[in-house]
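Student: here is my input; please provide its structure:
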Amino acid sequence: MKVESLNRKILELGLDEEEAKYFVFISIMGSTPIRSIVNRYNENRVKVYRVLKKLEEKGFVEKLMGRPVKYVAKPLDELFQRSIDDLQLRLNELEATREDTIKEWKRLSDDVETPTEEPRFRINQGRQQVYNLLVQMCEKAEKEVSLVTTESDLRRLSLYGFDDSLRILAKKGVNFNFMTQVKTLDFEEIEEYYNFTPIRHVPLPSPVRFLITDNSEVLITISMDDSMSMTTQNDTGLWTNAESFVSVMKVFFDALWSLGSDVPSVLYGMKTGIKVQETVTLRSKEEFLDHALEAIQDCQTSLDLVIYELEPEILDTLSKNLHQDANCRIISNLTLDTIDAFSKVTEYAEVKHSKSLTEMNLILVDEKKVIVKLPSWGNNTQSIMSNNIYYVDSMQKIFENNWTHANLMNDTIIKLKKKEKSLKIMQQLQSAFNENNYHVESPGIISGESGTNHTFGLIASKEDPQKSIGIDLLSKKEAMTQITMMGAKRTDLGNMKMILITDWTPKEQVTELAKLYRIQIFEESKALKEIQNLI
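Tutor: Predicted structure coming up:
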């Protein structure tokens, strides 16, 4: 074996080229002084000394003291055996720690995202390029192809041979889900598509096309000329494999699919005049109102409304167009501001009050059609119109539940009128106290000697707390309880004057209990005068 070849073999023992070269030289020469190596390789003495020191530290050479100092190489078989023993020891150590190390790595790596390929985006301009890419995406599909496009685009794709490609994919077990807006009965191509893919009808506000394949790629139109031209450049598609974008589009597709109607049912409805079941999103308040008013005018037998946000146009249309034989029920959160408006419709509608309404306007027509206006976010109005029997039925159940728990309008009017009257009394009392330099809070809170806060409908006070006056309205049904509770406040509020105002004449047992707690009772008609005398 040549010296150069031996040097290369020695490198496998963990030496660099200089170290291997000096070690082989010393092995051949035997006991060797530094001067011999310097002369042989014409090297700097300091450099040679440093290399020999490394060989000594690694155990490849031994230094013999004397004049001059000499170096001798260790036996090569001993060095190989030592290297083998070291490697075997390392292997044993790795084997011993492998299981625990792998478990720890798996535990830590669960929280680390595996690097994935960077998402790509590509723009395709012109119908020919877009169609080429669309067909290529479908031909690569292994599981599923989802497509939303226009009626005209399905015709063009059929002329392009798209349906032939789909037949081949269908034989391979690829699933298809197509959606389009059916506008005409003269659509022979759709029957060809329907032989191997379900197709649903969905209203499209403008020409749109997007394709999803295997939930991994999306092709979506940015702009599309919906003419039958196969050479137009006004057809631009954005392709991407960005996972987040594909996921969003799939959610959007699934939502459209759930709202869509089976195309044969739509075609049958167009032929017979029977409306197909569908759910449509209304994009503005104006669109909601237009459909709501039209639905009211078309009502024949029953009309149920939940009115959270009052739309005057709806009540006006009710009074002018509702059929006399139609049963109309309205639920709303009646207030002092809206009660007059609803009072005008009680001739032809039964009205109830509910203060726990969901924030939506709901219109159910003849138990066949529903229009729902949902809560708005900013300037966006979310509304849905549907004649789907399951959706209508669920909304009808919601209405019936609200109707059962709502209060009759007449009872509510009495309570609201009473509340309005009470507010006027409190306002009059507040003015009287202000004129006499009292500080007034309504409702008011005052702290007792124990530090407990006590609430009154109105508190009029001056600097001296003993001159404060607490006023509440006395309920006829709960008079005794209310007086007892106010009496309990007395122990913590000292000599503070306490007054109860009634719109009814109290019985003797009520007045006697009030006297016991040093509480004065004034009837509404005399309250203002009596309190003015006190202050």
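
Student: how far off centre is the helix or strand that contains residue 166?
Tutor: Residue 166 is part of helix 162-171 when elements are defined by DSSP states H and E. Chain-centre distance of helix 162-171: 37 Å, with Cα atoms, centre = their mean, to the nearest Å.

Student: mind listing what's buried in that helix?
Tutor: For helix 162-171, the neighbour count (16 or more other Cβ atoms under 10 Å) marks 162, 163, 165, 166, 169 as buried. Placement of C-beta: from N, CA and C, glycine included.

Student: with stretch 280-291 instead?
Tutor: Across stretch 280-291, burial judged by 16+ other Cβ under 10 Å covers 280, 282, 285, 288, 289, 291.

Student: secondary structure and distance to residue 505 added to those, as a markdown table?
Tutor: Formatted as a markdown table, the buried residues of stretch 280-291 follow (DSSP: H, G, I helix; E, B strand; the rest coil; distance: Cβ to Cβ, whole Å):
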| residue | secondary structure | distance to residue 505 |
| --- | --- | --- |
| 280 | strand | 60 |
| 282 | strand | 56 |
| 285 | helix | 51 |
| 288 | helix | 52 |
| 289 | helix | 51 |
| 291 | helix | 55 |
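
Student: if we can go back for a sec, wait, which of the buried residues of helix 162-171 is closest to residue 331?
Tutor: residue 166 (50.5 Å; Cβ to Cβ).

Student: pretty sure that closest one is touching residue 197, no?
Tutor: Yes. Counting by Cβ atoms under 8 Å, residue 166 touches residue 197, with 6.8 Å between them.

Student: contacts for the helix holding residue 166, please.
Tutor: 131, 134-135, 138-139, 141, 145, 157, 176, 189, 192-193, 196-197 (Cβ atoms under 8 Å, 6 or more residues apart in numbering).

Student: pull the contacting residues for residue 310.
Tutor: 332, 338, 341.

Student: sort these by pLDDT and name the bottom one.
Tutor: Across the set of these, residue 338 stands lowest in pLDDT, at 73.

Student: so what's that residue closest to, chain neighbours aside?
Tutor: Leaving aside its sequence neighbours, residue 338 sits nearest to residue 310 (Cβ to Cβ, 6 or more residues apart in numbering; 5.4 Å).

Student: what do you get for residue 438?
Tutor: residue 460 (4.1 Å).

Student: do the same with residue 242
Tutor: residue 119 (3.4 Å).

Student: tell me the phi and psi of that neighbour?
Tutor: phi -60, psi 150 (degrees, to the nearest 10).

Student: what residues are up against it?
Tutor: With contacts defined as Cβ under 8 Å, 6+ apart, residue 119 is in contact with 240, 241, 242, 243, 245.

Student: of the residues you listed, buried ones?
Tutor: The buried subset of the contacts of residue 119 (16+ other Cβ under 10 Å) comprises 240, 241, 245.

Student: can you put the residues you listed in TSV and add pLDDT and secondary structure?
Tutor: TSV is the format used below for the buried ones among the contacts of residue 119 (pLDDT from 0 to 100; DSSP: H, G, I helix; E, B strand; the rest coil):
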residue	pLDDT	secondary structure
240	93	strand
241	91	coil
245	89	helix
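
Student: just to revisit the earlier point, can you put the contacts of helix 162-171 in a markdown table and add distance to residue 73, pLDDT and neighbour count?
Tutor: Shown next, in a markdown table, are the contacts of helix 162-171 (distance: Cβ to Cβ, whole Å; pLDDT from 0 to 100; neighbours: other Cβ atoms under 10 Å):
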| residue | distance to residue 73 | pLDDT | neighbour count |
| --- | --- | --- | --- |
| 131 | 77 | 93 | 20 |
| 134 | 74 | 93 | 25 |
| 135 | 73 | 91 | 17 |
| 138 | 72 | 92 | 20 |
| 139 | 69 | 91 | 14 |
| 141 | 69 | 93 | 22 |
| 145 | 73 | 93 | 22 |
| 157 | 81 | 88 | 21 |
| 176 | 78 | 91 | 18 |
| 189 | 89 | 65 | 16 |
| 192 | 87 | 72 | 15 |
| 193 | 85 | 76 | 22 |
| 196 | 81 | 74 | 14 |
| 197 | 81 | 79 | 18 |
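
Student: ok, which pair from those residues is furthest apart?
Tutor: The widest separation within the contacts of helix 162-171 (Cβ to Cβ) is 20.9 Å, between 141 and 189.

Student: now residue 447, nearest residue through space, not along the chain?
Tutor: residue 453 (5.5 Å).

Student: okay but the one you found is in contact with residue 443, surely?
Tutor: No. Look at residue 453 against residue 443 with Cβ under 8 Å: they stay out of range, at 11.6 Å.

Student: just to revisit the earlier point, separation between the residue nearest to residue 338 and residue 334?
Tutor: Using Cβ to Cβ, to the nearest Å, residue 310 is found at 10 Å from residue 334.

Student: now do residue 35
Tutor: Residue 35 is 115 Å from residue 334, by Cβ to Cβ.

Student: ok, back up a step: just the ones of the contacts of residue 310 in strands?
Tutor: Using DSSP state E, residue 332 are the members of the contacts of residue 310 that sit in strands.

Student: neighbour-wise, which of the contacts of residue 310 leads?
Tutor: Counting neighbours by other Cβ atoms under 10 Å, the top entry in those is residue 332, with 24 neighbours.
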